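> would you be able to build a 3D model of this:
(2 chains)
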Amino acid sequence: MEKLISKKDLLEEANISYGQLYRWKRKNLIPENWFIRKSTFTGQETFFPKDDILLRIQKIKTLKDDLSLDELADMFSPSPTLTSLSAEELTKRNIVSQTTVDMFNNFHGPSQSFSFNQLLTLYVLNSLLQTGDVNLAEGIDLLKLFHDQEQTVKSTDSELIFIRKMGVSFFILTPEPANLFLESQAKKIAHYKLSQCIEELKLKLS
Amino acid sequence: MERTQLKSISISGSGTSSGGEYDQVKVNGSAHIHGDLICEQFKCNGSAHLEGNITTDTAKINGSTHFEGDVEVKEMTINGSTDIDGNLLCDELKVQGSSTIKGNVKGKELIVRGSASIDGNVCSDEIDVKGQVKIKGDCETESFEARGNFKIDGLLNAGTIDVELLRHCEAKEIGGENITVKKTRDASGFKKLIKFFMSNHNDQLTAEVIEGDNLYLEHTHAEVVRGNTIEIGPGCDIKRIEYKTSLEIDPDAKVGTQEKI
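Below is the predicted model of the structure:
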């Protein structure tokens, strides 16, 4: 179960006011389903998933000087901002490495421009390869999974988990929030929230 | 590309249409439209019934109209009565008569001078009420100004909330930056007369939770009020107050517990 934080504690910890919180909610910077209502001894109180909301507020506070609230809302919204980007620009702007693009092209056939969903696949693959969590052969498995489950990936509220046990590895793509209980020998190598990947990707693209 | 010249239709008397794309659609009697309608201008002086969706630049309703689908319009004026079963998307909505909307309302400027009842959520840059509004969902806006009666079953979330109370106003939760709630002061002769006949209705606001940066409240009944600077005026009955910077309480107000955070 995710840790929750009450509204009062959140305002104190993040050092923001009620007005700011409500304004950000109005601007859709904070998703509706993060507002969790619970009964307490002082009546109904609102709680938030602690890690998610603190990370989000941190991001809003650092970015709000450079971007307008509407631009921020676009960034946080799961819908893609731009439709496509060329392969050349992708490597030039250092969003993903050439190796990743080559791998993608080997699997799907060469292409000059990428749609947002393809960019997401590239981005996830790239970060898995860069951290060394995944080797090239396993990367192909990922490409296959993302290709087969295109609709699931599009619906965005999913998580990607990479597990290895005794040298055998596999990916799991599951709706958020995922609660997995692993046996002791199995090791969770990587755990990505796709919604967060989309945010990071949008930030890089903007 | 040059636009093809669109035709206009005018229904005087009683008539039916299958919908379609037009320049102007005018109804002077009674009309029944079976399909979707796309037009530049929609005007109804009698009664109209539309079974589909409508997309138009301006819509003016002086009689009564029933839209069964969604309504997408830039500027809409309702002087008579209108029922919308779907959602309403508009830039400017002016309700001078009465309207009932079963879906959500999304707009830039909502002006209510009569009565409006909305079953879904409302989202607009500005809301100005001098009449009566009932919202069953949440209401989100930058500026909420009301000189009348409102009832919001969900959350009223606005940058600035400026309310002059008339009769029993209600919202489940209120949140925002600057919140001002006052009792109507300039009681003209007419209002006094109304009040005389409705003496059992006191001007007051009831809410469960009110949260904001700067609050001024009069005649407000709430379970919890939280904010930075809070001023509690006469006639309030508040069970619990949590404040950060300052708190002032009128001697004519009833406050349960108060806590500085």
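
> tell me which residues touch A:Met166, please.
Contact partners of A:Met166, counting by CB atoms under 8 Å, 6 or more residues apart in numbering or on different chains, are A:Gln185. The C-beta positions use only the backbone N, C-alpha and C, and glycine is treated the same way.

> go again with 6 Å.
If a contact means CB atoms under 6 Å, 6 or more residues apart in numbering or on different chains, then A:Met166 has no contacts.

> count of neighbours near A:Arg23?
22 (other CB atoms under 10 Å in any protein chain shown).

> for the residue of chain A found nearest chain B, grab phi and psi.
As assessed by CB to the nearest CB, chain B sits closest to A:Gly19 within chain A, at 3.4 Å. Dihedral pair for A:Gly19: phi -60, psi -50, per degrees, to the nearest 10.

> nearest residue to it other than its sequence neighbours?
The shortest distance from A:Gly19 to any non-neighbouring residue, by CB to CB, 6 or more residues apart in numbering or on different chains, is to B:Glu177 (3.4 Å).

> quick check: residues of chain A near chain B?
For chain A, the residues in contact with chain B (CB under 6 Å from any CB of the partner chain) are A:Ser17, A:Tyr18, A:Gly19, A:Tyr22, A:Arg26, A:Gly43.

> hmm, try it at 8 Å
A:8, A:12, A:17-19, A:21-23, A:25-26, A:42-44 (CB under 8 Å from any CB of the partner chain).

> could I get those residues as CSV with secondary structure and distance to B:Leu6?
Shown next, in CSV, are the residues of chain A next to chain B (DSSP: H, G, I helix; E, B strand; the rest coil; distance: CB to CB, whole Å):
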residue, secondary structure, distance to B:Leu6
A:Lys8, helix, 58
A:Glu12, helix, 60
A:Ser17, coil, 52
A:Tyr18, helix, 50
A:Gly19, helix, 47
A:Leu21, helix, 48
A:Tyr22, helix, 44
A:Arg23, helix, 42
A:Lys25, helix, 42
A:Arg26, helix, 38
A:Thr42, coil, 60
A:Gly43, strand, 57
A:Gln44, strand, 53
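
> among these, name the buried ones.
In the residues of chain A next to chain B, burial by neighbour count holds for A:Lys8, A:Ser17, A:Tyr18, A:Gly19, A:Leu21, A:Tyr22, A:Arg23, A:Lys25, A:Arg26, counting by 16 or more other CB atoms under 10 Å in any protein chain shown.

> so the residue in chain B positioned nearest to chain A: helix, strand or coil?
Of all residues in chain B, the one sitting closest to chain A is B:Glu177 (3.4 Å; CB to the nearest CB). At B:Glu177 the chain is in strand, as set by DSSP: H, G, I helix; E, B strand; the rest coil.

> now the helix or strand hosting B:Tyr22: buried residues?
Using DSSP states H and E, B:Tyr22 sits within strand B:20-27. Neighbour counts over strand B:20-27 (16+ other CB under 10 Å) mark B:Tyr22, B:Gln24, B:Val25, B:Lys26, B:Val27 as buried.

> ok, then the element right after the lowest-mean-pLDDT helix or strand in chain B?
When the helices and strands of chain B are compared on mean pLDDT, DSSP states H and E, helix B:189-197 comes out lowest with a mean of 63. Downstream of helix B:189-197, the next assigned helix or strand under DSSP H and E is strand B:204-217.

> so what strands line up beside that following strand?
strand B:168-183 (parallel), strand B:220-232 (parallel) (DSSP bridges).

> would you list the phi and psi of B:Arg113?
Main-chain torsions, B:Arg113, degrees, to the nearest 10: phi -110, psi 0.

> quick one: contacts for it?
Taking CB under 8 Å, 6+ apart, one finds B:Lys94, B:Val95, B:Gln96, B:Lys130, B:Gly131 in contact with B:Arg113.

> apply 6 Å and report the result again.
B:Gln96, B:Lys130, B:Gly131.

> how about the last one, what does it touch?
If I follow you right, that is B:Gly131. Per CB under 6 Å, 6+ apart, neighbours of B:Gly131: B:Val112, B:Arg113, B:Gly114, B:Ser115, B:Gly148.

> how many neighbours does residue 147 have?
Here I'm looking at chain A. A:His147, neighbours per other CB under 10 Å, totals 13.

> switch to chain B, please.
B:Arg147: 15 neighbours (other CB under 10 Å).

> measure B:His32 to B:Lys74 for me?
25 Å (CB to CB, to the nearest Å).

> next, count neighbours for A:Ser195.
17.

> right, and the residue of chain A closest to chain B touches B:Asp213 too?
Yes - counting by CB atoms under 6 Å, A:Gly19 touches B:Asp213, with 3.9 Å between them.

> and for those two, which residues touch both?
With CB under 6 Å, 6+ apart, A:Gly19 and B:Asp213 have common neighbours B:Glu177.

> poorly predicted segments of chain A, please.
When residues are selected by pLDDT under 70, those of chain A lie in A:1-2, A:42-43, A:78-83, A:155-156, A:206.
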